[in-house]
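>>> Build me a model from this:
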Amino acid sequence: PNKPESGTADNDPTSQCFAFCNNHLNKLDDYGLANSAAVRLRDCVEVGFDEVWLVNYMYEIDFLFDMAPALQTAKKVVCIVDQRMRAGLEAACATLRTTLSHIQWHFHAPWTPDRYGTHHSKCLFLFYPKKGLRFIVCTANFLQRDWTRLNQGIWWQDFPLRGETGTSSTATATSTSSSASSKSSSDAQLAPFGEYLQLYMRNTARISASQSTKVFDVSKLSKYDFRHASVHLVCSIPGYHKKQSKTMEMWGHPRLRALLQHEPLPDEFKTQSSLLCQFSSLGSVSEKWFFGDLLLTFLANDRAALKKIRDGDELAKWNCSVVIPSVAEVGSSVGGYQSGASVPISAENLDKAVKFLAPHLCTFANEDSHPEKQYISHGRCHATPHIKTYGRYIVDTETDAVEFAWFLLTSSNLSTAAWGQMQVQDSQCFIRSYEMGVLFTPSLLARYSEYCSSSHPFSCTSPNKACSLLFHQKNASTNKQQLMPRLFAAGTSKTGVHVPVPYPVPPRHYTRSDEPWACNRDHLQPDRFNQPWVVGPG
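The predicted structure follows:
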């Protein structure tokens, strides 16, 4: 691929920044560059907002309000939580509701019709009066262990009130070249960022098939200008989404497929690139689904590869890395085997998947790769991953530089519940859970970079907090940052952002001595705290 010979374009405000940030882990401060692309949640949750919507699967509410003390200044707090967790959350809030009596507390559990489905999305909406909205997407539950022991990813962006720029959020959006309506067009799946976010939240607001909650007002989002969104949203909502009604390509992996089909694939990726799947939990997935549904989606903008598959080439031979931490990696992590509880991969699902994924399995940590260089992953790999990442990349054989064609940071693990399963001759997609992710693409990065170069990006607080793509840690030198994977904007080799994945790319393939982590299997070799992992009876 065409890379800048040295450095990056001086006039590109994103060139020394990160597509997303890692979570700051104090336990990794002694590991080189581990926290060089990291933030704490309190760095993003800054005072000045009067209302906040907290969206997550699991909560430790006291810890959350200590970790991000600005939350204590809100006038209204809406907690959106999985239905199984709602009662416990409301009980846990009893003390806070007394000590923070100025806050109006509201709770909502989205309707989840399938008993195996969950509300798994993780994000925050911070409403700054007379200014704008800060929207944060992350991979962490609001739990202490998630933020202090595990690898996570965080993306955010500030959006101004409509009228501040004199244009509507439903104008031609950066998320698509189509101006069609999300309700009536054949390009419905490419709805502009703001419309798509509202549609997702309207579905989240459901308390039954026909009723919605009134504890938060989704229409409030229509007040903001989302035209300059730096990412695409890729979400899942439960249900049977039918191609005939044009809803199938709105959610799950069909949503990603539709977006990639509109994203040109650079020539260099057509001959030697690899796919990447990294997750923290594994469902009961079949070979047919993985290679027939999911990987076909990942190849959606590669017509040559799709033609070869239709002509009979075995997709299983495609170069795809499936990253699962090994038992040794979990045991030697800063959290030891206890952190493995946050990687709930069952032995049953693992054994089923290994039958067809064995050639693709890769470890999470690989500090032996290029020991003469100091990669960010060489520090981050000491923490067990709860982050979920997917993408397509190439490696420069001369410089070992890694470039992504696209990259997805998401709450979706490797499961049909999260991504969806095609049914009825691919005429519908069945999804069980709520999920949310952000997709980085060259074309959207080019548009966002152009916007940043032509004007000052809007911020609800300070300029360097306008978006995670503009966030730059001063203690990470340019030379060291160049060792991170990059994603370059379309049309230029000099505009790009660093992608701070917490593992080496390409990852190392499993050997006979490596054992994938399974949370319900005994691991008797002591961890770093000299403790075995013994699963109790039942």
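
>>> Between the two ends of stretch 314-325, how far is it?
27 Å (CA to CA, to the nearest Å).

>>> Let me know the next secondary structure element after the helix or strand of the chain with the lowest mean pLDDT.
Scoring the helices and strands of the chain by mean pLDDT, DSSP states H and E places helix 478-481 at the bottom, with a mean of 48. Where DSSP states H and E defines the elements, the next helix or strand beyond helix 478-481 is strand 486-488.

>>> Quick one: mean pLDDT for that following strand?
Within the predicted structure, the mean pLDDT of strand 486-488 is 91.

>>> could we number from 20 for the rest of this?
Let's use 20 as the start, then, which means that last one is strand 505-507.

>>> Give me the buried positions along that strand.
For strand 505-507, the buried set under the neighbour-count rule, 16 or more other CB atoms under 10 Å, comprises 505-507. (C-beta placed from N, C-alpha, C; glycine too.)

>>> so what does the helix or strand that it is followed by touch, helix or strand wise?
In the C-terminal direction, the helix or strand that comes right after strand 505-507 (DSSP H and E) is strand 515-517. Helices and strands touching strand 515-517, as assessed by 3 or more CB pairs under 8 Å, 6 or more residues apart in numbering; DSSP states H and E, comprise strand 505-507.

>>> Flag the shaky bits of the stretch 420-557 of the chain, pLDDT-wise.
In the prediction, the stretch 420-557 of the chain carries residues with pLDDT under 70 at positions 490-501, 511-513, 557.

>>> Let me see the ranges of the strands in it.
421-429, 440-442, 447-450, 454-459, 505-507, 515-517 (DSSP state E, counting those that start in this stretch).

>>> Can you tell me the closest non-neighbouring residue to Cys448?
Leaving out its chain neighbours, the residue that sits closest to Cys448 by CB to CB, 6 or more residues apart in numbering is Gly439, at 4.2 Å.

>>> I'd like to know how far that neighbour sits from Ile256.
Distance of Gly439 to Ile256, given as CB to CB, to the nearest Å: 10 Å.

>>> what do the two both touch?
Between them, Gly439 and Ile256 share these contacting residues under CB atoms under 8 Å, 6 or more residues apart in numbering: 270, 450.

>>> Phe154 contacts Gln176, doesn't it?
Yes. Phe154 sits in contact with Gln176 when judged by CB atoms under 8 Å, with a separation of 6.0 Å.

>>> What are the buried residues along stretch 536-550?
Within stretch 536-550, the residues that count as buried by 16+ other CB under 10 Å are 536-538, 540, 542, 546.

>>> and if you look at stretch 50-70?
Result for stretch 50-70 [16+ other CB under 10 Å]: buried residues 50, 52-60, 63-65, 68, 70.

>>> For Phe144, I want the exact helix or strand it lies within.
For Phe144, the element it lies in under DSSP H and E is strand 142-147.

>>> Please disregard the earlier target; I meant Ala277.
Per DSSP H and E: Ala277 is located in helix 271-280.

>>> Show me what that helix is packed up against.
Secondary elements touching helix 271-280 (3+ CB pairs under 8 Å, 6+ apart): strand 251-255, helix 314-317, helix 435-438, strand 447-450, strand 454-459.

>>> change it to 6 Å
The contact analysis (3 or more CB pairs under 6 Å, 6 or more residues apart in numbering; DSSP states H and E) places helix 271-280 against strand 251-255, helix 314-317, strand 447-450.

>>> Give me whichever of those is most buried.
For these, average neighbour numbers computed from mean count of other CB atoms under 10 Å are highest in strand 251-255, which has a mean of 27.

>>> any idea how far that strand is from the chain center?
9 Å (CA atoms, centre = their mean, to the nearest Å).

>>> what lines up beside it in the sheet?
Using DSSP bridges, the strands paired with strand 251-255 in its sheet are strand 454-459 (antiparallel).

>>> what angle sits between the strand it pairs with and strand 142-147?
Computed with axes from the mean of the first three to the mean of the last three CA atoms, to 10 degrees, the direction of strand 454-459 lies at 80 degrees from that of strand 142-147.

>>> Give the rounded mean pLDDT of stretch 114-124.
Confidence over stretch 114-124 (mean pLDDT, whole number) is 95.

>>> how about the helices of the stretch 120-269 of the chain, start to end?
163-167, 212-223 (DSSP state H, counting those that start in this stretch).

>>> related to what we said a few turns ago, mind putting the helices and strands packed on helix 271-280 in CSV, distance to Tyr356 included?
Converted to CSV, the helices and strands packed on helix 271-280 look like this (distance: least, CB to CB, whole Å):
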stretch, distance to Tyr356
strand 251-255, 31
helix 314-317, 32
strand 447-450, 33
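
>>> count of neighbours near the closest residue to Trp438 other than its chain neighbours?
Once its chain neighbours are removed from consideration, Trp438 has its nearest residue in His272; the separation is 4.4 Å (CB to CB, 6+ apart). His272 is surrounded by 28 other residues when neighbours are defined as other CB atoms under 10 Å.

>>> Good, wrapping up.
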